[in-house]
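Visitor: Next comes the sequence, and after it the predicted model I'd like to discuss.
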Number of protein chains: 2
Amino acid sequence: MRAATIRDGEVVIEEHPDPTPGAGEVLVRVRAAGLNGADMMQRRGLYPAPPGSPADIPGLELAGEVAALGPGAERFAAGERVMAIVGGGGQAELAVVHERQLMPVPATLDWAAAGGLAEVFTTAHDALFAQAGLRPGERLLVHGGAGGVGVAAIQLARAAGAHVTATVRREELRKPVSELGADAIPPEDFAARGPFDVILELVGAPNMPENLLALATGGRIVVIGVSAGAKTELNMLALMGHRARIHGSTLRARPLEEKALTARRLEREVLPLFDTHATGAAAGTGNEAGALRVPIAATFPLDDVAAAYERFAAGGKLGKIVLTLE
Amino acid sequence: MRAATIRDGEVVIEEHPDPTPGAGEVLVRVRAAGLNGADMMQRRGLYPAPPGSPADIPGLELAGEVAALGPGAERFAAGERVMAIVGGGGQAELAVVHERQLMPVPATLDWAAAGGLAEVFTTAHDALFAQAGLRPGERLLVHGGAGGVGVAAIQLARAAGAHVTATVRREELRKPVSELGADAIPPEDFAARGPFDVILELVGAPNMPENLLALATGGRIVVIGVSAGAKTELNMLALMGHRARIHGSTLRARPLEEKALTARRLEREVLPLFDTHATGAAAGTGNEAGALRVPIAATFPLDDVAAAYERFAAGGKLGKIVLTLE
């Protein structure tokens, strides 16, 4: 099979042996695979794949058709449309995924949307609900509202009855973010818009001192992105005074059983929200939008993977960059 | 009534009007009132009492007899032995406490133990279980194991089936701390003793960078004391990599309904553990020790409040400093 491959800080296409599904595993013919910030870090050699994932094939999420079943795999049949987060190896023609990590693709979603859904919606859902315990009526601030996780978090929080404010650096992206249901503001304005019950930090250290001050009593900060810097000063007296919590999280390093649990939660609590009929929304084009959408900034064929990475690294997009395969 | 009173950074005894119990409140004739770190801060003008508490009478906990009932108060009868955490005003001959904050004093406890129980056991129980979610079999590190909250936390964690390590600065206090059920170690050794599932930080900022590195995956740090400093550097990438949480907490500023909830939890989950008969332990002297004990470092009559504060501020004690009243 052909796969995106990391070679000396570059991403190229190389030939690899076809993977074979083991017990409980499924061989997926990949039709779409989203790019994520972790791919950029892995390309620079900063974020090695966890044990059990291909070391040199990037890609944390994929969607495709079931091509073959390993011994004992029974949740899906050949040809079914499936999607998943994976520890790595998603950006390839074929990928092996444990069946407990796979989710069915909602009928309303095309391949690009399905290939860009799993990582960001799982990350956002886990951060907002499993970790921060976001409740209806609470006030959420999303730092980095135009990125993949930000776009997912805004929609999930709105669907759960929370009030959402999102910082968006590029002025031209504020309108599309506000159309997702957030009050889209310049980053420098956020401290005055508080207090917030939950802050989702997708940017990094520079926001943290003011985050703490903008928090309501009992507030929670969840840190899942630090592209703008990882080290900050923590005032523990302010943390105590706000009776606040700071969570750090990554999905990638979790064991199979935890990833499987997040997949079951997504099937139950999130995927039905993509169903047009469930919400009465008119079917659109592209993503066939229901209540939730997977905004796609651009798609690239697998052969253009280098250009896709450059587009991702350039920033300033709304939504996902997704590789597509015939 | 006579009461400890803060005047220009000193604690003196002054005459105050007797307080009157309002609706749902109880007038308590105080027989013992413990000292806490917050009293030291309040004496220095750094930690003002919350609204509704006497501004100039310190004291966050008390034990005594019910002297009179306000309108509608019905949980206790005149003469009953009660104890409570209060927002302030505990170090006085009389104090008014809402009946939902009061707890009955276990029969095994003398006045000094009862007067030094509420603040530290409530603080430790809330931090370990309500916040950190400590589970049987987990590994707990207590920074500052010889202090009031540390002594309570060690005993509560042991009773819940956790493994406990405690840092104790003074060499001569390590043996008594180890007799409470902890592995008592010098502070400089803790990083090598990890990983820990939960770290209770009672000392402050200097420990924090190494705390984060000594944490197990999914670990929690609860910060409730910062006497050694409040500001530290936080490495958010390490927080993410450990999928860790940092909680800050204080009890004092919480509203009545939350304090009442913590009192009900203590009645249900902690006070039975002071009952000698419940554990088969031999009755001792002083605290009449059951499974749990309230170690008392020293008692002082109310008139000697200035000496009591000096003793507390000097440190190097195991257990509580408690004021006693006839």
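Guide: Done, it's in.
Visitor: When you work out contacts or count neighbours from here on, use the C-alpha atoms and nothing else.
Guide: Will do.
Visitor: Spatially central residue in chain A, please.
Guide: For chain A, A:Val120 is the residue whose C-alpha lies nearest the centre (C-alpha atoms, centre = their mean; 1.3 Å).
Visitor: quick one, what contacts that one?
Guide: A:Gly148, A:Val149, A:Ala152 (C-alpha atoms under 8 Å, 6 or more residues apart in numbering or on different chains).
Visitor: Can you tell me how far A:Val177 is from chain B?
Guide: 26 Å (C-alpha to the nearest C-alpha, to the nearest Å).
Visitor: do A:Ala205 as well
Guide: 7 Å.
Visitor: Check A:His242 too.
Guide: 7 Å.
Visitor: Next up, the contacts around that residue.
Guide: Here A:His242 is in contact with A:Leu212, A:Leu215, A:Ala216, A:Thr217, A:Gly218, A:Gly219, B:Gly248, B:Ser249 (C-alpha under 8 Å, 6+ apart).
Visitor: Now whichever helix in chain A runs longest: buried residues?
Guide: If you go by DSSP state H, chain A has its longest helix at helix A:256-269. Within helix A:256-269, the residues that count as buried by 16 or more other C-alpha atoms under 10 Å in any protein chain shown are A:Lys259, A:Ala260, A:Thr262, A:Ala263, A:Arg264, A:Arg265, A:Leu266, A:Glu267.
Visitor: quick one: the strands in the stretch 101-250 of chain A?
Guide: A:103-104, A:139-143, A:163-167, A:183-185, A:196-201, A:215-223, A:231-235, A:245-248 (DSSP state E, counting those that start in this stretch).
Visitor: between these, which one is nearest to A:Ala114?
Guide: strand A:103-104 (9.6 Å; C-alpha to C-alpha).
Visitor: what mean pLDDT would you report for that closest one?
Guide: Taken as a whole, strand A:103-104 has a mean pLDDT of 97.
Visitor: Adjacent strands (with direction) for it?
Guide: With DSSP bridges as the test, strand A:103-104 is paired with strand A:81-85 (antiparallel).
Visitor: Listing partners with orientation, what would you give for the helix or strand following the partner strand?
Guide: Going down the chain from strand A:81-85, the next helix or strand is strand A:94-98, by DSSP states H and E. Each strand paired with strand A:94-98, and its direction, by DSSP bridges: strand A:25-34 (antiparallel).
Visitor: now the strand it pairs with, how far from the chain's geometric center?
Guide: Its chain's C-alpha centre and that of strand A:25-34 lie 17 Å apart, by C-alpha atoms, centre = their mean, to the nearest Å.
Visitor: Stretch A:23-37 too?
Guide: Worked out by C-alpha atoms, centre = their mean, stretch A:23-37 lies 14 Å from the chain centre.
Visitor: distance from the centroid: which residue in chain A tops it?
Guide: The outermost residue of chain A relative to its centre, with distances by C-alpha atoms, centre = their mean, is A:Leu237 at 33.1 Å.
Visitor: Kindly state the pLDDT recorded for the closest residue to it other than its chain neighbours?
Guide: Closest residue to A:Leu237 apart from its sequence neighbours, by C-alpha to C-alpha, 6 or more residues apart in numbering or on different chains: B:Ala230 at 5.7 Å. pLDDT for B:Ala230: 90.
Visitor: Hmm, B:Ala230 is touching B:Ala205, no?
Guide: Yes: assessed by C-alpha atoms under 8 Å, B:Ala230 is found in contact with B:Ala205 at 5.2 Å.
Visitor: Compare the two and say which one has the larger neighbour count.
Guide: Neighbours per residue (other C-alpha atoms under 10 Å in any protein chain shown) separate B:Ala230 from B:Ala205, with B:Ala205 holding more: 23 against 20.
Visitor: Residues of chain A that sit close to chain B?
Guide: Proximity of chain A to chain B, by C-alpha under 8 Å from any C-alpha of the partner chain, involves residues A:204-205, A:223-224, A:226, A:230-237, A:239-250.
Visitor: Show the residue spans covered by the helices in the stretch 1-150 of chain A.
Guide: With helices called from DSSP state H, counting those that start in this stretch, the stretch 1-150 of chain A shows them at A:37-43, A:111-115, A:118-125, A:148-159.
Visitor: For the residue lying closest to A:Gly225 once chain neighbours are set aside, which residues are in contact?
Guide: Excluding its sequence neighbours, the residue lying closest to A:Gly225 (C-alpha to C-alpha, 6+ apart) is A:Leu202, at 4.1 Å. Applying C-alpha under 8 Å, 6+ apart to A:Leu202 gives the contacts A:Val142, A:His143, A:Gly144, A:Val149, A:Gly150, A:Val223, A:Ile224, A:Gly225, A:Val226, A:Ser227.
Visitor: Quick one: the helices in the stretch 201-326 of chain A, in order.
Guide: Going by DSSP H, counting those that start in this stretch, the stretch 201-326 of chain A shows helices at A:208-213, A:236-241, A:256-269, A:276-279, A:305-314.
Visitor: Check which helices and strands the first one sits against.
Guide: Read that as helix A:208-213. Applying 3 or more C-alpha pairs under 8 Å, 6 or more residues apart in numbering or on different chains; DSSP states H and E, one finds that helix A:208-213 contacts strand A:231-235, helix A:236-241.
Visitor: Scan the helices and strands of chain A for the one with the lowest mean pLDDT.
Guide: helix A:276-279 (a mean of 50; mean pLDDT, DSSP states H and E).
Visitor: Now the two most distant members of the contacts of A:Leu202.
Guide: Farthest pair in the contacts of A:Leu202, by C-alpha to C-alpha: A:Val142 and A:Ser227, 14.8 Å.
Visitor: Comparing the two, which residue is more hemmed in?
Guide: More crowded of A:Val142 and A:Ser227, by other C-alpha under 10 Å: A:Val142, with 26 against 12.
Visitor: Flag the shaky bits of chain A, pLDDT-wise.
Guide: A:276-290 (pLDDT under 70).
Visitor: Can you give the domain ranges for it?
Guide: Split into domains by automatic domain parsing, chain A comes to A:2-117+A:254-324, A:124-248.
Visitor: could those go into CSV alongside distance to B:Asp18?
Guide: Output for these, formatted as CSV (distance: least, C-alpha to C-alpha, whole Å):
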stretch, distance to B:Asp18
domain A:2-117+A:254-324, 57
domain A:124-248, 32
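Visitor: correct me, but A:Met41 touches A:Tyr47?
Guide: Yes: in this structure, A:Met41 is within contact of A:Tyr47 by C-alpha under 8 Å, at 5.5 Å.
Visitor: check contacts around the residue of the stretch 1-150 of chain A found nearest chain B.
Guide: Nearest to chain B in the stretch 1-150 of chain A, going by C-alpha to the nearest C-alpha, is A:Gln131, at a distance of 9.4 Å. A:Gln131 sits next to A:Val222, A:His247 when contact means C-alpha under 8 Å, 6+ apart.
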